[in-house]
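A.B. asks: A structural model of the following input is requested.
(chains A and B)
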Amino acid sequence: MNTSMTDPSRDVGAGWRPGAPVWCTLALACLALALGLRVRLEALMSLHMLVQIPLLVGAGLFAEQGWHAARRARAAAPGARPAWSYNEYGVPGLLLVSLVGAGWMIPKALDDALTDWRVAAFKYLGLPVCGWLLRVSLRRANVVIKLFFLGNFCWMGAIVGMTYLDQPIRLCNAYLQDDQDWAGRGLIALAIVLPSCWLLAELKPVWRFLNR
Amino acid sequence: MRWVFALVLALAAGVGALYGLSDGFTVLTAEAARRQDVAAHPRAIPTAQVLAGDGHSVDLRRDLRRDGRVAIVNFFYTRCLSLCLAQGSLTERLQQAISARGLQDRIRLISLSFDPRDHAPDLARYAVRMGADPAIWQFLSFAQPGQRDAALALFGITVVPAPLGEFEHNAAFHVVTPDGRLARVFDLDEPGLALEAAVSLSGQPLAAGTRPPDTMPPEARP
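C.D. replies: The predicted structure is shown next:
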């Protein structure tokens, strides 16, 4: 599937890294799933919120990863300052992504995405852009900045999830009460799983930071 | 300075997105947005043939105009085992309040079924079960699916099929004026506010050709 595995000239020292085709395939797969299963995913609040929206973000994220990999393969001189330096330490990008992420926890946004074409357009275009921006920003951010934004996103998700679970009334007109509870449970689970995964992925830099 | 500019831009874009999604930081749910929008811009309800419990069908708009009273409308289906029953008992209390305050010449209650399975006998049975006074409280169902969908869309009612042949739907008290306009929407928890709004709307001068307003002040009635 990928030629970089047998290509010895690539990425010496960092182990095997998937090349652009792998990332682009992943991005397209995310997009295809989010669009192809649109009717099914949007039928349930939990799938809409916790599967379709992350898939759209993932599409942008993987696309950026692929683009980055392709660029890295072409550019011979590494270590050069990235051309686009407005996104200093990734803070502006992470701020925007956090705010948009918060926006998609508003029940009205989920309802409107089904009925209002403007909100639907914001979902299908804005979320992949956010995914792209998220990946770019994460590459520039250090551990402390990542921890700050991830922490904020996770407590927000957990609080919103508990609010969903706690509500005796439906928050979305288009979704059933049961499903709202599942979306709430899912958000709480996300708030636990996401930082755990991050910690596993970044164990080394975190450890280095703690032992400074 | 570039990073300050980028930060401000990101903040503005993010806050702008939140502003747009929450109707300018005023609502978090589509239901709240609907109520706010109706209060700001009353909506003219579309033509819809409705079926009454006695078997004859009328056009809802024409019936509202002919009757001349302000209507407090809610949506239900007769097979409902949960929300509609709670809504029904609240509506029954509204009926008591209307007759206690002698408002039956100015205000009436309409329960509209969105379930195509509800025919005249179902509505008549349900009216008996709810203890409805036919002079105050009518039970109707839509005669044509297309018109029903248009009316539900205008009212902003979303009906979601649920397991066991049930439906989940947003429930509220809808104050509809005799000229066929949805003027206000109130929560089920606020039947008193719905009644007050209906009273104040019924005090407005009515359009020509409708029933003249009641001359006797409601306080003077037993």
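
A.B. asks: and B:Leu112, that one's in a helix?
C.D. replies: No. Using DSSP: H, G, I helix; E, B strand; the rest coil, the secondary structure at B:Leu112 is strand, not a helix.

A.B. asks: how near is it to B:Ala52?
C.D. replies: Distance, B:Leu112 to B:Ala52, using C-beta to C-beta, to the nearest Å: 11 Å. Placement of C-beta: from N, CA and C, glycine included.

A.B. asks: Of these two, which one has the most company?
C.D. replies: B:Leu112 (25 against 18; other C-beta atoms under 10 Å in any protein chain shown).

A.B. asks: Contacts made by the helix or strand harbouring A:Asp178 with the rest, please.
C.D. replies: Element membership for A:Asp178, per DSSP states H and E: helix A:177-201. Helix A:177-201 is contacted from outside by A:44-46, A:49-50, A:105, A:146, A:150-151, A:153-155, A:157-158, A:160-167, A:169-172, A:175, A:206, B:168, using C-beta atoms under 8 Å, 6 or more residues apart in numbering or on different chains.

A.B. asks: Now B:Ala183: closest residue in space, sequence neighbours ignored.
C.D. replies: If you skip the residues right next to it in sequence, B:Ala183 has B:Pro42 as its closest partner in space, 4.6 Å away by C-beta to C-beta, 6 or more residues apart in numbering or on different chains.

A.B. asks: no wait, B:Ala13
C.D. replies: Leaving aside its chain neighbours, B:Ala13 sits nearest to A:Leu96 (5.6 Å; criterion: C-beta to C-beta, 6+ apart).

A.B. asks: Give me the most central residue, the chain.
C.D. replies: By default, I'm working from chain A. Centroid-nearest residue in chain A: A:Val57, 4.7 Å away (criterion: C-alpha atoms, centre = their mean).

A.B. asks: try chain B instead
C.D. replies: For chain B, by C-alpha atoms, centre = their mean, the most central residue is B:His174; offset 2.3 Å.

A.B. asks: Name the nearest residue to it, sequence neighbours excluded.
C.D. replies: Once flanking residues are discounted, B:His174 sits nearest to B:Val73: 4.3 Å by C-beta to C-beta, 6+ apart.

A.B. asks: ditto for A:Met49
C.D. replies: Counting by C-beta to C-beta, 6+ apart, A:Ala183 is the residue found nearest to A:Met49 once chain neighbours are left out, at 5.1 Å.

A.B. asks: In strands only, show me the contacts of helix A:177-201.
C.D. replies: If you go by DSSP state E, these have B:Glu168 in strands.

A.B. asks: What residues does chain B have near chain A?
C.D. replies: Within chain B, the positions lying close to chain A (C-beta under 8 Å from any C-beta of the partner chain) are B:2-3, B:5-7, B:9-11, B:13-15, B:17-18, B:20-23, B:27-34, B:156, B:158, B:160, B:162, B:168, B:170.

A.B. asks: Buried subset of those residues, written for ChimeraX?
C.D. replies: The buried residues among the residues of chain B next to chain A can be selected in ChimeraX (16 or more other C-beta atoms under 10 Å in any protein chain shown) with this line:
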select /B:6,7,10,14,17,18,21,22,23,27,28,29,30,31,32,33,34,156,158,160,168,170
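
A.B. asks: Narrow the residues of chain B next to chain A to those in helices?
C.D. replies: Under the assignment DSSP state H, the residues of chain B next to chain A contribute B:2-3, B:5-7, B:9-11, B:13-15, B:17-18, B:20-21, B:30-34 to helices.

A.B. asks: Spatially nearest residue to the residue of chain A found nearest chain B (excluding sequence neighbours)?
C.D. replies: As assessed by C-beta to the nearest C-beta, chain B sits closest to A:Leu99 within chain A, at 2.7 Å. In space, A:Leu99 comes closest to B:Gly14 once its chain neighbours are excluded; the distance is 2.7 Å by C-beta to C-beta, 6+ apart.

A.B. asks: gap between the residue nearest to the centre of chain A and A:Gly184?
C.D. replies: For A:Val57, the distance to A:Gly184 - C-beta to C-beta - is 20 Å.

A.B. asks: Show me how chain B divides into domains.
C.D. replies: Here the domain assignment for chain B is B:2-38, B:42-205, based on automatic domain parsing.

A.B. asks: of all the ones you listed, which lies closest to A:Trp132?
C.D. replies: domain B:2-38 (14.1 Å; C-beta to C-beta).

A.B. asks: Quick one: end-to-end length of that closest one, please.
C.D. replies: Across its full length, domain B:2-38 reaches 44 Å end to end, with C-alpha to C-alpha, to the nearest Å as the criterion.

A.B. asks: Look at B:Glu92 and say how many residues are nearby.
C.D. replies: One way to gauge burial is a neighbour count; for B:Glu92, by other C-beta under 10 Å, it gives 16.

A.B. asks: and the residue nearest to A:Leu99, what is it in contact with?
C.D. replies: With contacts defined as C-beta under 8 Å, 6+ apart, B:Gly14 is in contact with A:95-96, A:98-100, A:103.

A.B. asks: let's see it at 10 Å
C.D. replies: With C-beta atoms under 10 Å, 6 or more residues apart in numbering or on different chains as the criterion, the residues that contact B:Gly14 are A:92, A:95-103, A:130.

A.B. asks: and the two most separated of the residues you listed?
C.D. replies: Comparing all pairs in the contacts of B:Gly14 by C-beta to C-beta, the longest separation belongs to A:Pro92 and A:Gly103, at 16.7 Å.

A.B. asks: about what we covered before: can you read off the pLDDT for the residue nearest to A:Met49?
C.D. replies: Listed pLDDT for A:Ala183 reads 96.

A.B. asks: just A:Ala80 next, same as before
C.D. replies: Residue-level confidence at A:Ala80 comes out at 54, pLDDT.

A.B. asks: Many thanks, have a good one.
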